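Peer 1: A predicted structure for the sequence below; I have some questions about it.
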Amino acid sequence: MKKSVLALAMAFGVTSAFAQDLTSKKGEPILPEAGDWAISADATPFLNYFGKLFNSANQAPSMQFLNGQNVIMGKYFKDEKTAYRVGLNIGFGSKSTTNLVNQDNPAVVPAGTQPVQVTDKLKHGNTGIGLTAGIEKRKGKTRLQGYYGAEAGFYVSSTKDTYTYGNTFVANGTSPGTSTSPTSTDWNNPLATGGYGTLTGARTTQTKSGS
């Protein structure tokens, strides 16, 4: 399975420089000039935090650029009215899930004791990289300026799931009582009481989504 995403964004806004004139106390220009540059970050985590400020489950914002939810943006001013913008989004993630199933053909278990169990494991990993590019135009000659522009982005991602199992396949006739169709976790069948259902026979060892 392959897929790609093309994103388009339009940006509008107003920015203001709070000063009595258009230069700082050191005589430096307040408004952008040709050759100026800036680096910024996505404010989404902070906006989400303040939007849920009175929610007891709210968590403090953090800039975790590797989780795919933040963008680092760079801006270069060609002149005082025009800026070129580029953005980078990098996301890596992984998590593991385990489930216990009864061991096939264990050694003799005393009556009344719990069956011996083994662990099945599912490891999920994902990778994503996004790039954006755009242009920003500014209007106004005073401290209050408006800006507008356009931006396009391309994002590519992939996922991979790896499965390991506690019960192994055994060839026919290896020893009396062995099972050729081991008991395994049915990862597609989560139970309402927790854990997963079980299956016997063929089972998945790895899946990849492509890019």
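Peer 2: Great, that's in hand.
Peer 1: can you map out the helices along this structure?
Peer 2: 44-51 (DSSP state H).
Peer 1: where do the strands sit along it?
Peer 2: With strands called from DSSP state E, the chain shows them at 5-16, 37-41, 72-79, 82-102, 117-139, 144-164, 183-190, 196-200, 206-208.
Peer 1: Could you export those to JSON lines, including columns for mean pLDDT and distance to Glu28?
Peer 2: C-beta here means a position set from N, CA and C on the backbone, and glycine is covered the same way. Listed next are the strands of the chain as JSON lines, based on pLDDT from 0 to 100; distance: least, CB to CB, whole Å:
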{"stretch": "strand 5-16", "mean pLDDT": "51", "distance to Glu28": "17"}
{"stretch": "strand 37-41", "mean pLDDT": "89", "distance to Glu28": "15"}
{"stretch": "strand 72-79", "mean pLDDT": "93", "distance to Glu28": "15"}
{"stretch": "strand 82-102", "mean pLDDT": "91", "distance to Glu28": "18"}
{"stretch": "strand 117-139", "mean pLDDT": "93", "distance to Glu28": "18"}
{"stretch": "strand 144-164", "mean pLDDT": "93", "distance to Glu28": "17"}
{"stretch": "strand 183-190", "mean pLDDT": "92", "distance to Glu28": "61"}
{"stretch": "strand 196-200", "mean pLDDT": "90", "distance to Glu28": "63"}
{"stretch": "strand 206-208", "mean pLDDT": "94", "distance to Glu28": "53"}
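Peer 1: Tyr49: which of the ones you listed is closest?
Peer 2: Relative to Tyr49, the nearest member of the strands of the chain by CB to CB is strand 37-41, separated by 14.3 Å.
Peer 1: Adding distance to Leu22 and mean neighbour count as columns, could you present the strands of the chain in a markdown table?
Peer 2: Below are the strands of the chain laid out as a markdown table (distance: least, CB to CB, whole Å; neighbours: other CB atoms under 10 Å):
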| stretch | distance to Leu22 | mean neighbour count |
| --- | --- | --- |
| strand 5-16 | 12 | 10 |
| strand 37-41 | 18 | 11 |
| strand 72-79 | 15 | 15 |
| strand 82-102 | 18 | 16 |
| strand 117-139 | 14 | 16 |
| strand 144-164 | 11 | 15 |
| strand 183-190 | 62 | 17 |
| strand 196-200 | 65 | 16 |
| strand 206-208 | 56 | 11 |
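Peer 1: what comes up buried for stretch 25-33?
Peer 2: Leu31, Pro32 (16 or more other CB atoms under 10 Å).
Peer 1: neighbouring contacts of it?
Peer 2: Contact partners of stretch 25-33, identified using CB atoms under 8 Å, 6 or more residues apart in numbering, comprise Ala17, Ala19, Leu22, Thr23, Ser24, Phe77, Asp79, Glu80, Ala83, Arg138, Arg143, Gln145.
Peer 1: do the same with stretch 115-125
Peer 2: 92-103, 106-107, 109, 159-167, 184-185, 187.
Peer 1: coming back round to it: what's the closest of the contacts of stretch 25-33 to Gly195?
Peer 2: Distances from Gly195 to these, taken by CB to CB, are shortest for Ala83, at 54.2 Å.
Peer 1: beta partners for the closest one?
Peer 2: Counting by DSSP bridges, Ala83 is bridged to Phe77, Glu136.
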